[in-house]
Structures are given as C-alpha cells and as structure tokens.
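Participant: what would the 3D arrangement of this be:
(3 chains)
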Amino acid sequence: MPELPEVEILVRHLAPLVKGKTIRDVEVRRPRVIRPTAERELRQTLRGATFANLSRRGKYLVFTLHAPKRTELISLIGHLGMTGRMFLAGKKSPLPKHAAIILDLGKHLMIFEDTRYFGRFTLDSSGPAALGPEPLGKEFTPTYLVAALKRYTQAIKVKLLDQTLVAGIGNIYASEALFRAGISPRAKSNQLTLPQLTRLHRAIREVLARAIRQGSTVPLDFAGDGARDGLFYYGSKGDANGFYSERLLVYDRLGQPCPKCRTPIRRFVQAARSTYYCPACQPT
DNA sequence: CACCATGTTCCTTG
DNA sequence: CCAAGGAACATGGT
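Facilitator: Here you go, the predicted model:
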C-alpha cells in the first residue's frame, strides 16, 4: 500500500494508537525485512522501549522510542515495500499468513505483514537519510525542481521516481501528476520549460494532497477483529466500489477515454514500470 | 502457462 | 561520472 499519501494516512491512524505503548516482546518471522539489523539487536533494543512519536519521511515510517537506560531516542524505520501493512490486532485474532514482524504491546499486537517481503522494519536509518525534499514541504519549490532536473537527460517520468530528487512519489502518482500537468512522460528532464515545471510542481502537490484528503475520509479499523488497514490503497478489497481507482485519471486505464479529451489512454514501459498517459493531452 | 503488480537495489553495458 | 536496461527480491492475481 505504498506511496506517500497511503503512508501518510497510515501514520495518522497508527500514531495515536502506539504512542505511549511499551514493547514487551518482538517476534521476527522474516529476518530479511529487518536487514541490515541483526535479530538479536532488534529484540534487545526494542524490548522495554516506549513509543514517543511516529512520523513519515517520503514513503518511510519513522518511529521514535524511549528505551530504558538510554538518553537518546531510538529510531525505528518502517517501509511498506509493495504489499506491506501495519495494524494493531487483539491477541486472539489469527495472525495473517505473511506476518513478518510482531510486536507485543501488552493488550494488543502490532503486526507488520508483507506478502512479498519487500518492506523494511529496521534500526538502520540510512534509507530516509538519503531522501530528497518532501514534496509537500517548503523546500520543494518550482525553483528547486528547475535546478534539480537541469543536469538530467532522463525521461521526466523516470526521474520522478528517483527518491533523492523528491521523496514519496511512486509509479501511480508519477503518471497522475504528469497527466495533470499536461507533460509527456517521455520529455527529457533538462528540456522542460519553466512554465512546464511550474505546472508540474503544482500538479505533484495537488495530486498528493488530494489523495491524502480523500484517504482521510476512509474509516480504518486497526484494532477490530480481522482488522486490516484496507480500503485505501490501490487494488485493495475495499476498492471494489472504485473508491481508490475512480480518482485516478490515467493509471491502469489503458484504452479508456481520457477524462479531458476522450482519446484512448496509452500504456508503455519505462525503467521496467508501466507508464499511462494521454497522447493528446501530453504530446511529446 | 503467460503476464502483471503501489518499491528498491544491484548489475551490466554503453 | 551518467544513462538505460534488465534482473533480482517473493508472492499472488487474472
């Protein structure tokens, strides 16, 4: 469930549920997701620690905790990969098949499940440290975009997925932002004009902010039985009613009419990822 | 069986 | 140094 808006919604829901809670025990079912932290170290560090805060940086979740006998706060870094979820569950509810990490919080369990195990749950904070500016933050300006893209001939769609350029844009919102800005995904980064980059800057912020706003209206139930964080992310079950995909204008809409001009939406592959666009509204 | 999938990272080739 | 393409990771859906 992974781009910036989905992570932001998860953080908002999870933060009040974990703050002040103390980790009694840690079960590592999939050691690969904690890499490069060792299992022993994770358990020793987290046992007895209390959640102080939870925030987001790009697509990463950043938990901070107080540990007994330590002055500095500990940072615990989460990343959902392609299929990760985090939620609280009662101790009696059955564990999901792909539970990777289970934290015993006393009354509840906090579960990190991840079908494909591409996600992370680690003490290593080098991931978020390497990120570019937050797209919804003050540092992300049209001027920044101009300077950051100047040196690259790479296609803009590919460059938007570069987390060191801007943090948090993924494959879905990259296509959506370019459509809204009326820019071809094939356009070379260093050939975009100032008006184009101004539009792209605004489109990125709008697309992400709208998604967060709309995601905020979805009721999530983290602690109920059989609870999931469902309903919001692309392809989730609650999406049967089209809640999520309805507001995506081009992504996964191959052959469907463009919402602006009715030209059929096209798909092609860039950097091994699908790109969707309207050939009329986003001319090369 | 085939192809696709919200992400990241590594490797090769130019 | 950079760009582009591919594969890998691992599992499931259609």
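
Participant: find the nearest non-adjacent residue to whatever residue of the stretch 51-200 of chain A ends up closest to DNA strand C, please.
Facilitator: Using CB to the nearest atom of the strand, residue A:154 is the residue of the stretch 51-200 of chain A that sits closest to DNA strand C, at 3.1 Å. Backbone N, C-alpha and C define where each C-beta goes, glycine included. Of all residues not flanking residue A:154 in the chain, residue A:189 sits nearest, at 5.6 Å (CB to CB, 6 or more residues apart in numbering).

Participant: so for that neighbour, what's the pLDDT?
Facilitator: pLDDT for residue A:189: 94.

Participant: return the backbone torsion pair for it.
Facilitator: phi -50, psi -40 (degrees, to the nearest 10).

Participant: go ahead and confirm it touches residue A:147.
Facilitator: No - Residue A:189 is beyond contact range of residue A:147, at 11.6 Å (criterion: CB atoms under 8 Å).

Participant: who has more neighbours out of those two?
Facilitator: Remark: of residue A:189 and residue A:147, residue A:189 carries more neighbours, 22 against 10, as counted by other CB atoms under 10 Å.

Participant: OK, contacts around that one?
Facilitator: A:149, A:150, A:152, A:153, A:154, A:155, A:156, A:159 (CB atoms under 8 Å, 6 or more residues apart in numbering).

Participant: in helices only, show me these.
Facilitator: A:149, A:156, A:159 (DSSP state H).

Participant: how far away from the center of its chain is the lengthiest helix in chain A?
Facilitator: Of all the segments of type helix in chain A, defined by DSSP H, the longest one is helix A:194-215. How far helix A:194-215 lies from its chain's middle: 16 Å, per CA atoms, centre = their mean, to the nearest Å.

Participant: show me what it is packed up against.
Facilitator: When contacts are defined as 3 or more CB pairs under 8 Å, 6 or more residues apart in numbering; DSSP states H and E, helix A:194-215 sits against helix A:4-18, helix A:142-149, helix A:171-181.
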